[in-house]
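> can't give you the sequence, but here's the structure:
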């Protein structure tokens, strides 16, 4: 959908794409009614709105962006505002918004990975310069609605598979999982547990694939009994940690999927009287500020969240200004940060 | 300034306050020029703008709010977006914004406790329904600018003393400091250190006054050698912790001022080989999510940040709708949450 933006789309329009007046004629409504639909106004009958949207989509209509907007807004949308993870992302987008003189509009759609129409209607009315979606996807109709209003969007750290033509910024999750596991293997661990994130999240899947690749490269057999699925929250790290550490032949190290799950695992270890790293090595993922502050400081895979958010904001603004970026997808590098939660396994 | 809002101000206006046309005549400019100033437009000469602002202020001019705004915005302003503290506040304001169908605009003015004019100009252009300022004050001229545009504002957890007529939501900081210290005294501690926040922040001052009140009530002499000033960040908790724990007659317990400083103190204790709570008891303040996750889980004074942010947002909306709240200032209750970082002092 984003391919229609930028110079290419202007050419398409000049080459004879439908005008607002033509769309109005074909829909059998007045031009102001089409304009109301474009602006997300509520006072249009649902059937009329649907007919107009369908024609906008069919004709690949794209409004020409005005040169100046009274209130330049940058929208940042979370599926869940719940941890210092979100804070890092907000900081990155806010850095760019401040530099560029844009106001940052923040919204959360309460724990859902897909976005409701009421939010889309709001965006059409606000007409922001661009939209950054964190861990959230839009369906095809919603993308078409934004595209026809010339509102570019970028997905940060896609949870699912947003489609090849969707601009997205991610991190090298697979390499991160590989580095975490290789570190534990090099310390001498062979029974390495994993607490994965939700199965539907591609970032989690990539980390676990990196884990398996490291095991394979080291000739260590993959044992499905050592894998647990979590929710990326502290609580699931605790619950999955109690399960893994309660196994008859418990793992000597665990790759915890993210930092919050690592802290849940710390708690499970404390409850069972296991010392970190003497009895159990732990590796997180994210490198949130708190990873440095916990005891012992957490070895983790640093995901450059602030930089990723900045990159997503800059890509959004480039698209808004009609600049064609070299690629629509980019993964920033993760790297292992070794602190005090990992050590060689104890002799048993 | 806020007194002009609500029913009282409407009466004032009906009783003969200056109209826009009268202000224009007195300033020797056209009515559209006054309108430009009111809307924060840049295309007005600085001297003209200043003359108009002065007349708006002198006449107590207040624009009548339109019944509908195309884009209802709620502005949330931080001096610093830097920890899960900010995240809790954002969650609270976002809860109310979502319920009320408002878009949340977030901004940060880079670590400064006072707000720059460029931000105020932006607000005048955006014309939000209301503004919530976190730990930030406005000077008298800035307040007058918002008031004359009928944009209400509320200060959350005032760092300084925002003035009696400024609507504000806080927490019972003094009672929190009292409860923290009383808890340590009841466990048998007598040498109790403190890591305060920045001296200019009233919330920190109130906590330390509560600490002194608890000592006095227990007949324990106040020892200035046991007090350190921090910045409310992890790093200063660490530095001040090393100082306090390096004293010849070191404290057996420390009230750390906030949770981040408590975690810095944890790190200092680890470095010195002191166990918590066996060798050192620690009490925090805030009860951020991470207080439950650290080892040992932190005894702390819970400040209801989400609820405070919700209350600040609701007060802002009440003011925007012309409702007169029962009081313009409200402190929500703190309470001590006892976890595992406090115990009776070891025999020495």
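Ah, there it is. Here the structure is a predicted model, which is why all the values come from computation and not from measurement.
> interface residues of the stretch 201-348 of chain A facing chain B?
Residues of the stretch 201-348 of chain A lying close to chain B (C-beta under 8 Å from any C-beta of the partner chain) are A:234, A:260, A:263-264, A:266-267, A:270, A:289-290, A:292-297. Where C-beta positions appear, they are placed from N, C-alpha and C, glycine not excepted.
> Check which element follows the helix or strand bottoming out on mean pLDDT in chain A along the chain.
Here the helix or strand of chain A ranked lowest by mean pLDDT, DSSP states H and E is helix A:7-14, holding a mean of 43. The helix or strand immediately downstream of helix A:7-14 is helix A:20-27, counting by DSSP states H and E.
> what mean pLDDT does the following helix or strand past that following helix have?
Proceeding N to C from helix A:20-27, the next assigned helix or strand is helix A:31-38, under DSSP H and E. Mean pLDDT, computed over helix A:31-38, is 83.
> From the chain's centroid, how far away is helix A:31-38?
Distance of helix A:31-38 from the chain centroid (C-alpha atoms, centre = their mean, to the nearest Å) equals 33 Å.
> Check which helix or strand the residue lying closest to residue A:278 once chain neighbours are set aside maps to.
Spatial nearest neighbour of residue A:278, chain neighbours left out: residue A:346 (6.2 Å); criterion: C-beta to C-beta, 6 or more residues apart in numbering or on different chains. Residue A:346 is part of no helix or strand when elements are defined by DSSP H and E.
> And residue A:107, by the same measure?
Assigned by DSSP H and E, residue A:107 falls in strand A:103-108.
> who does that strand touch, helix- and strand-wise?
strand A:73-78, helix A:84-100, helix A:117-126, helix B:84-100, strand B:103-108 (3 or more C-beta pairs under 8 Å, 6 or more residues apart in numbering or on different chains; DSSP states H and E).
> Give the buried residues for stretch A:262-272.
Neighbour counts over stretch A:262-272 (16 or more other C-beta atoms under 10 Å in any protein chain shown) mark A:262-269 as buried.
> Stretch A:178-197 too?
Result for stretch A:178-197 [16+ other C-beta under 10 Å]: buried residues A:178-185, A:187, A:189, A:191-197.
> Which ones among the residues you listed lie within strands?
Counted as lying in strands by DSSP state E, out of these, are A:192-196.
> With pLDDT and distance to residue B:250 added, can I get those residues in TSV?
Shown next, in TSV, are these (pLDDT from 0 to 100; distance: C-beta to C-beta, whole Å):
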residue	pLDDT	distance to residue B:250
A:192	98	41
A:193	98	40
A:194	98	42
A:195	98	39
A:196	96	44
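> Closest to chain B out of those?
Within these, distances to chain B taken as C-beta to the nearest C-beta reach their minimum at residue A:195, with 14.9 Å.
> how far away is residue A:340 from residue A:264?
Going from residue A:340 to residue A:264 by C-beta to C-beta, to the nearest Å gives 18 Å.
> wait, residue A:239
Residue A:239 is 7 Å from residue A:264, by C-beta to C-beta.
> for chain A, what spans make up the helices?
Under the criterion DSSP state H, chain A carries helices at the ranges A:7-14, A:20-27, A:31-38, A:46-58, A:84-100, A:117-126, A:140-148, A:173-186, A:202-218, A:234-245, A:259-271, A:290-293, A:305-320.
> any idea of the angle the fourth one forms with helix A:20-27?
Read that as helix A:46-58. Going by axes from the mean of the first three to the mean of the last three C-alpha atoms, to 10 degrees, helix A:46-58 is angled at 120 degrees with respect to helix A:20-27.
> which residues sit against helix A:46-58?
Helix A:46-58 is touched from outside by A:18, A:23, A:26-27, A:29, A:33-34, A:37-38, A:44, A:61, A:141, A:144-145, A:148, with contacts defined as C-beta atoms under 8 Å, 6 or more residues apart in numbering or on different chains.
> quick one: which of these is nearest to chain B?
residue A:38 (13.8 Å).
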